[in-house]
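Chemist: Based on what follows, work out the 3D shape:
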Amino acid sequence: MILKDLELSKEQPGYFSKISGALLGIPWLIHIDNYPFQLFKSRKVSAKIQNKDAPVIPLERLELFSNLLGADSTERLLNIPLLPDEELRGWPKTAILVADADPLRDDGLIFAKRLEGLS
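Modeler: Below you'll find the predicted structure:
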């Protein structure tokens, strides 16, 4: 929704967004096949590896959800933190809640870092 709003604000003169902020709770923002392990000094320190056996959403279940989704792993809406700066610029103020023992932890942290870099 926010990406579409950003597109409208760039395409339609005089468009004013009514979205003033976002709250993302333990967000799944990066398709499992595109996980950016290269951003970490080691794969071992990434949430996908550290928390692969987490009690609520173990990596095996996350892979199941990903497969059930049946989506193209290159779909931009499934990889929001990996989008180019031009597409993220103008994103509203966002609060991101993450949990330490969660394989989705880094999705939120990576996105937060990207948004901070655009400010």
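
Chemist: Would you mind listing the buried residues in stretch 98-107?
Modeler: Buried residues in stretch 98-107, counted by 16 or more other C-beta atoms under 10 Å: 98-99, 102-107. Where you see a C-beta, it was placed from the backbone N, CA and C, and this is true even at glycine.

Chemist: Of these, just say which sits nearest to residue 72.
Modeler: residue 107 (18.1 Å; C-beta to C-beta).

Chemist: Quick check: which element contains that closest one?
Modeler: Assigned by DSSP states H and E, residue 107 belongs to helix 105-118.

Chemist: Can you mark which positions in that helix are buried?
Modeler: 105-108, 110-112, 114-115.

Chemist: go on, stretch 23-30?
Modeler: 24, 26-30.

Chemist: and those residues, which of them are in strands?
Modeler: residue 24 (DSSP state E).

Chemist: Of the buried residues of stretch 23-30, which is the nearest to residue 92?
Modeler: Residue 92 lies nearest to residue 24 out of the buried residues of stretch 23-30, by C-beta to C-beta, at 11.3 Å.

Chemist: so what does the lowest-mean-pLDDT helix or strand in the chain touch, helix or strand wise?
Modeler: For the chain, counting by mean pLDDT, DSSP states H and E, helix 2-11 ranks last in confidence among helices and strands (a mean of 88). Packed against helix 2-11, as judged by 3 or more C-beta pairs under 8 Å, 6 or more residues apart in numbering; DSSP states H and E, are the following elements: helix 85-88.

Chemist: Contacts for the helix it packs on, please.
Modeler: Helix 85-88 is contacted by residues 3, 6, 76, 80, 114-115, 117-118 when judged by C-beta atoms under 8 Å, 6 or more residues apart in numbering.

Chemist: Excluding covalently adjacent residues, which one is nearest to the spatially most central residue of the chain?
Modeler: Nearest to the mean C-alpha position of the chain, by C-alpha atoms, centre = their mean, lies residue 29 at 2.6 Å. Distances taken as C-beta to C-beta, 6 or more residues apart in numbering put residue 107 closest to residue 29, at 4.2 Å, once the chain neighbours are dropped.
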